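Peer 1: A predicted structure for the sequence below; I have some questions about it.
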Amino acid sequence: MLQKGFTLWFTGLSGAGKTTIARIVADEIRSRGRNVEVMDGDIVRQNLSKGLGFSKEDRDTNIKRIAFVCKILTRNGVATIAAAISPYREVRDFARQDIGHFVEVFVDCPLEECIRRDTKGLYAKALSGEIPQFTGVSDPYEHPLHPEVWLHTERESPEASAGRVLAKLEELGYLSPAEEPVYSPEEEEKIQERLANLGYL
């Protein structure tokens, strides 16, 4: 039986936590027996959208390419995760309409915190003028108006954020709830110890 595909679309500023949370969510969905594909913005830029710049037209083209791949995967029952800045509301709305089974996750983080986290040094270069058209500094970011999930990563851990995303997927019927363990960790340890003593392990 083909499971219901969907696209989980993470949007937010560079450094907000999109990729980190997406990976945690992907690992959990995979552990529940689902096929998962992650479309990370940086990787897509290197492969699917190589040669595109950062004008609004090129950014929109990049997002539409991601949306096209997500639509195909979603149609074939894959749990698809896109993690891209995707700064413009209009093209995100296009992706929603084109894909259909679309869950938008706004990874909200204040610009000041993103700058503080700036592990790649991108904000420093943008603020000094080395990188033109940088989202949040010299180019706008249009935040979602009605995302299915609104995360606040400056005040919650990536694990907590991922938990809220997974709960929404369960609520929407895209993901079955995780099975509760039959035994507590303490009981499981005693069982393993007894099996080992009996020579079964």
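Peer 2: Thanks, I have the structure now.

Peer 1: for residue 7, grab the count of nearby residues.
Peer 2: Using other C-beta atoms under 10 Å, residue 7 has 28 other residues around it. Just so you know, the C-beta spots here come from the backbone N, C-alpha and C atoms, and that holds for glycine as well.

Peer 1: tell me which element it is part of?
Peer 2: Using DSSP states H and E, residue 7 sits in strand 6-11.

Peer 1: can you give the strand pairings for that strand, parallel or anti for each?
Peer 2: Partners of strand 6-11 in the sheet, by DSSP bridges, are strand 79-83 (parallel), strand 102-108 (parallel).

Peer 1: restrict that strand to CA atoms and write it as CSV.
Peer 2: Taking Å, rounded to 0.1, in the frame of the first residue of the first chain, the C-alpha atoms of strand 6-11 are listed here in CSV:
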residue,chain,number,x,y,z
PHE,A,6,3.8,15.0,1.6
THR,A,7,6.3,17.9,1.5
LEU,A,8,7.5,19.5,4.7
TRP,A,9,8.8,22.9,3.7
PHE,A,10,11.2,24.7,6.2
THR,A,11,11.7,28.4,5.5
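
Peer 1: that strand: how far from the chain's middle?
Peer 2: 6 Å (C-alpha atoms, centre = their mean, to the nearest Å).

Peer 1: could you measure the residue nearest the centre of the chain against residue 145, distance?
Peer 2: When C-alpha atoms, centre = their mean is applied to the chain, the residue found nearest the centroid is residue 22 (3.4 Å). Using C-beta to C-beta, to the nearest Å, residue 22 is found at 22 Å from residue 145.

Peer 1: repeat for residue 176
Peer 2: 30 Å.

Peer 1: more neighbours: which of those two?
Peer 2: residue 176 (12 against 9).

Peer 1: doesn't the more buried one fall inside a helix?
Peer 2: No. Looking at residue 176 with DSSP: H, G, I helix; E, B strand; the rest coil, it is coil, so not inside a helix.

Peer 1: got the phi and psi for it?
Peer 2: Main-chain torsions, residue 176, degrees, to the nearest 10: phi -70, psi 140.

Peer 1: show me what contacts it?
Peer 2: Neighbour list for residue 176: 32, 170 [criterion: C-beta atoms under 8 Å, 6 or more residues apart in numbering].

Peer 1: at 10 Å what do you get?
Peer 2: 3, 32, 33, 34, 169, 170 (C-beta atoms under 10 Å, 6 or more residues apart in numbering).

Peer 1: what's the answer for residue 125, then?
Peer 2: By C-beta under 10 Å, 6+ apart, the neighbours of residue 125 are 118, 131, 134, 137.

Peer 1: got the buried residues for the longest helix anywhere in the chain?
Peer 2: Longest helix in the chain by number of residues (criterion: DSSP state H): helix 56-75. Neighbour-count burial for helix 56-75 flags 59, 60, 62, 63, 66, 67, 69, 70, 71, 73, 74 (criterion: 16 or more other C-beta atoms under 10 Å).

Peer 1: pretty sure the fifth one contacts residue 95?
Peer 2: Yes. Contact between residue 66 and residue 95 holds when scored by C-beta atoms under 10 Å: they sit 7.5 Å apart.
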